[in-house]
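Peer 1: Show me how the following folds:
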Amino acid sequence: KGAVLQAPARQMLSILLSSRKMSTSMSDSGFEEELCGCPSLGWPSDWIHCVCDYEESCFIIQRLKQKHFLTNDCLERQPQISAEARGRLVSWLIAVYRQLSLSFESLCLAVNIMDRFLITTAVEVCSPRITRLLSLCCNSYSKEQLCNFECLILLRLKFKLAAPTISFFLDYFTSHMEKEIVEKWRVLTFKVCELSLADYTFNKYLPSVIVQCALKLTGELLETCLMETGNRTAFLKPMFSERCSDIVCEDWTLFPQCTEELKLLVSLNMDAVHDLIYNV
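Peer 2: Numbering: from 1, shown residues only. You can find the predicted model right below:
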């Protein structure tokens, strides 16, 4: 009897996981596992039959998880680590992800894992041992050291690695934009979001808030560019469908502040975004 009951469930699960895939692979985000094993969300009994709503369900799950992975205070217990030092480390991670052609999702997860590890670890203010200094200078570690450090991270984070990321929400929102304008918005929004990863100021904002503010700022930047060049096109339209806007229900009081801080960030890094704005 148990086998008879399990077969239809496996078939339906296969249909769910194969339908309406996102534009990029999200297998390392873990939302499939949360979708199948999250009783606390109180899904209706007939939810599993709504295959067409699978993508929106993933979005809702990730949005609900955001607050549990927020890292706005990750430097409070780190007297020897400044926001500038963290920014340099994230800049190095960005260089590595580009060099190895990794996914943006992997980069976002790496930054989130690093910040959450800092929250759980208090750095002692003391003189480092000579062996530590030598290991830093030679820039090489043994396999055992790397494995031990990886185990330490996993234990401190209790194996919770599947954080909702900027990458996930960027993919979700752009998937609801008109196809002919997706790339024009996405390239610049992607750059703005990438810059925000290295700025500790944005650790206090939920990833979905950052992405929505970045999309709004992208529209303003492109509209200004088109007005200056006199080359107005038809792609400056509402970014989200009605279905998407109904789902989003974040604290709207955060949006103006986040948008203004993104504007400041872009103005300080205009060299990095200038070509993206004027070559769209």
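
Peer 1: contacts and neighbour counts: CA atoms only from here.
Peer 2: OK.

Peer 1: Poorly predicted segments of the stretch 101-250 of the chain, please.
Peer 2: 122-146, 178-182, 226-250 (pLDDT under 70).

Peer 1: rerun that using 90 as the cut-off
Peer 2: Where the stretch 101-250 of the chain drops to pLDDT under 90, the residues are 117-150, 153, 162, 171-191, 215-250.

Peer 1: which residues of the stretch 51-200 of the chain fall in helices?
Peer 2: Chain-ordered helices for the stretch 51-200 of the chain, with DSSP state H, counting those that start in this stretch as the definition, fall at 54-65, 83-99, 104-120, 130-138, 143-156, 166-175, 179-197.

Peer 1: Between these, which one is closest to Cys258.
Peer 2: Nearest of those to Cys258, taken as CA to CA: helix 179-197 at 10.4 Å.

Peer 1: next one: phi and psi at Leu254?
Peer 2: When quoted as degrees, to the nearest 10, the phi and psi of Leu254 stand at phi -80, psi -20.

Peer 1: That one and Phe173: what is the separation?
Peer 2: 18 Å (CA to CA, to the nearest Å).

Peer 1: Mind checking which of those two has more residues around it?
Peer 2: The residue with more neighbours, out of Leu254 and Phe173, is Phe173; 21 against 15, by other CA atoms under 10 Å.

Peer 1: Would you mind stating the distance between that one and Cys213?
Peer 2: From Phe173 to Cys213 the distance is 12 Å (CA to CA).

Peer 1: What of Ile153?
Peer 2: 31 Å.

Peer 1: Ala163 too?
Peer 2: From Ala163 to Cys213 the distance is 20 Å (CA to CA).

Peer 1: sorry, back to before: mind checking which of Ile153 and Cys213 has more residues around it?
Peer 2: A side-by-side neighbour count of Ile153 and Cys213, using other CA under 10 Å, places Cys213 first with 25 against 20.

Peer 1: residue contacts, that one?
Peer 2: Phe255, Cys258, Thr259, Leu262 (CA atoms under 8 Å, 6 or more residues apart in numbering).

Peer 1: can you list these in TSV and add distance to Glu56?
Peer 2: Formatted as TSV, these follow (distance: CA to CA, whole Å):
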residue	distance to Glu56
Phe255	22
Cys258	25
Thr259	25
Leu262	27
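
Peer 1: out of those residues, who's nearest Val96?
Peer 2: Using CA to CA, the contacts of Cys213 come closest to Val96 at Leu262, 24.0 Å.

Peer 1: and Lys184, how many residues sit next to it?
Peer 2: Other residues within reach of Lys184, judged by other CA under 10 Å, total 19.

Peer 1: Equivalent analysis for the one 5 residues further on, please.
Peer 2: Residue crowding around Thr189 was assessed by other CA under 10 Å; the count is 25.

Peer 1: give me every residue that touches it.
Peer 2: By CA under 8 Å, 6+ apart, Thr189 lies in contact with Val211, Ala214, Leu215, Thr218.

Peer 1: ranking the helices of the stretch 51-200 of the chain by burial, who's on top?
Peer 2: helix 166-175 (a mean of 22; mean count of other CA atoms under 10 Å).

Peer 1: who does it touch, helix- and strand-wise?
Peer 2: Contact partners of helix 166-175 among helices and strands, from 3 or more CA pairs under 8 Å, 6 or more residues apart in numbering; DSSP states H and E: helix 104-120, helix 179-197, helix 207-229.
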